[in-house]
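*Asks:* quick one: sequence and predicted model below, then my questions.
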Amino acid sequence: MPGAEESMSSDAVMDGSDLHPFYAGPPTFMNIPHRTDATGAKVAILGCPFDCGTHPFRVGARQGPSSIREQSALLFRFHPEFADLDVPSALGAVDCGDVRLVPSRAEDSFAAIEEAAFRIVTTGAVPIGLGGDGSVSLPLVRAASRVHPGLAVLHIDSHTDTFRVDERYPIDAATQFTHAAREQRISTSSSYHLGLRGTLPQARVFEYGREMGFNLVTLAEFFQRGPRAVVQEVRANIGDKPLYLSWDMDVFDPSCAPGVCTPVWGGLNAREGIDLIRSLSGLNIVAADINTVSPAQDVNGLTAFLAATMVYEMFLLVLARDAMKAAEAPAPQ
């Protein structure tokens, strides 16, 4: 009788692709290897299971990382239109698991996220944080800025998350980029909040963001000017600066992303969001996050599946970045 390994290997190939046992071992994003050391990888997934819990009734983004990983089982590795190869393997992608933290202890949690992300960045890999609410962007930005000074941020969201800080309760999911600007972690003149729309709990939010030095593009302006014109401006302003890409899932319309903390009608549909992230190909992305997936409000994992798809698109951005760098490198003498 053949052993278990021999039996498994005899069924391991189908149409030229490996059949990955999605339910064997620790659950990881797209079943990529689980490793806490990102050395040798070009991309590393980092779960950030934190939320501030300040919304009166829509809470639960701390469960986002596990839901995104679960729905990533629906994704295949090859993309014949853009990268007809095993993309995660080509990147040596690894999943470093979740940061060990207690959501009610914000300062300790942020310190843990920053340290975990910093360890990834120092290996040369691109950390992709799975939130968690939008506040997790702050420790991730802090980590990236320690290695990449002059960091630009492209924040795709229906909100600026650059509100005035309540000094009594300084940490929340609406001020992470205020803190990043105050701490001089980023180049605000090269940074954008894109996709803004909807109602807000206070006045002069947009004005305050501009006073901090950020560029703001509402979703109405994005479509009025045209996506191509707006992205051309963004690309020209950012240039080859190291870029932190933050994607808040509430930039999507609730019809395709219902499971978010702060839904706002009139957002991007799935195709528009995917087209937008693909238009960023070639930018020098050094770190990224996807945030605000709240499984308690999701419908059949719809939002988490779309978030997983956006993470795969981030994989493609890193692949394109490296291909461009290779093409620009001088030929050996």
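*Replies:* Everything's here; your move. This structure is a prediction, so every number in the text was calculated from the model and none was measured.
*Asks:* residue 51 and residue 61 touch, don't they?
*Replies:* Yes: under the criterion of C-beta atoms under 8 Å, residue 51 is in contact with residue 61, at a separation of 4.1 Å. Backbone N, C-alpha and C define where each C-beta goes, glycine included.
*Asks:* anything in contact with each of these two?
*Replies:* Common neighbours of residue 51 and residue 61 (criterion: C-beta atoms under 8 Å, 6 or more residues apart in numbering): 131, 132, 133, 261, 294.
*Asks:* for the third one, grab phi and psi.
*Replies:* Spelled out, that is residue 133. Main-chain torsions, residue 133, degrees, to the nearest 10: phi -80, psi -180.
*Asks:* circling back: go through the shared contacts of residue 51 and residue 61 and name the one nearest residue 187.
*Replies:* Proximity of the shared contacts of residue 51 and residue 61 to residue 187 (C-beta to C-beta) peaks at residue 131, which lies at 23.1 Å.
*Asks:* and residue 147, how many residues sit next to it?
*Replies:* Applying other C-beta atoms under 10 Å, we find 16 other residues in the vicinity of residue 147.
*Asks:* I meant residue 309, not that one.
*Replies:* For residue 309, the tally of surrounding residues (other C-beta under 10 Å) stands at 20.
*Asks:* which pLDDT does the model give it?
*Replies:* The pLDDT attached to residue 309 in the predicted structure is 98.
*Asks:* wait, doesn't it sit right on residue 79?
*Replies:* No: distance between residue 309 and residue 79: 10.9 Å, which falls outside the contact criterion (C-beta under 8 Å).
*Asks:* contacting residues around the most centrally placed residue in the chain?
*Replies:* Most central in the chain under C-alpha atoms, centre = their mean is residue 289, positioned 2.2 Å from the mean C-alpha point. Applying C-beta under 8 Å, 6+ apart to residue 289 gives the contacts 48, 128, 129, 130, 131, 132, 136, 137, 140, 245, 246, 247.
*Asks:* between these, which sits nearest residue 147?
*Replies:* Sorting these by how near they are to residue 147, with C-beta to C-beta, puts residue 140 at the top with 12.0 Å.
*Asks:* count the neighbours of residue 236 for me.
*Replies:* With neighbours defined by other C-beta under 10 Å, the count for residue 236 comes to 8.
*Asks:* hang on, it is in a helix, isn't it?
*Replies:* Yes: Residue 236 sits within a helix when classified using DSSP: H, G, I helix; E, B strand; the rest coil.
*Asks:* which pLDDT value goes with it?
*Replies:* Looking at residue 236, its pLDDT is 98.
*Asks:* can you give me the distance of it to residue 117?
*Replies:* Plainly put, residue 236 is 28 Å away from residue 117 if you go by C-beta to C-beta, to the nearest Å.
*Asks:* mind checking the end-to-end distance for stretch 186-200?
*Replies:* Taking C-alpha to C-alpha, to the nearest Å as the measure, stretch 186-200 stretches 25 Å from start to finish.
*Asks:* for it, give the mean pLDDT please.
*Replies:* Mean pLDDT, taken over the full extent of stretch 186-200, equals 98.
*Asks:* pull out the buried positions in that stretch.
*Replies:* Residues of stretch 186-200 classed as buried by neighbour count (16 or more other C-beta atoms under 10 Å): 186, 187, 188, 190, 191, 192, 193, 194, 195, 196, 197.
*Asks:* which secondary structure elements does the lengthiest helix in the chain contact?
*Replies:* For the chain, the helix that runs over the most residues, judged by DSSP state H, is helix 302-328. Using 3 or more C-beta pairs under 8 Å, 6 or more residues apart in numbering; DSSP states H and E, the elements in contact with helix 302-328 are strand 43-48, helix 64-71, helix 87-90, strand 126-131, strand 243-248, helix 270-278, strand 285-291.
*Asks:* do you know which of the ones you listed lies nearest residue 313?
*Replies:* Closest to residue 313 of the helices and strands packed on helix 302-328 is helix 270-278 (C-beta to C-beta; 4.7 Å).
*Asks:* what's that closest one packed up against?
*Replies:* Looks like helix 270-278 contacts helix 227-238, helix 302-328 (3+ C-beta pairs under 8 Å, 6+ apart).
*Asks:* return the member of those having the minimum mean pLDDT.
*Replies:* Taking each of the helices and strands packed on helix 270-278 in turn, the lowest mean pLDDT turns up on helix 302-328, with a mean of 95.
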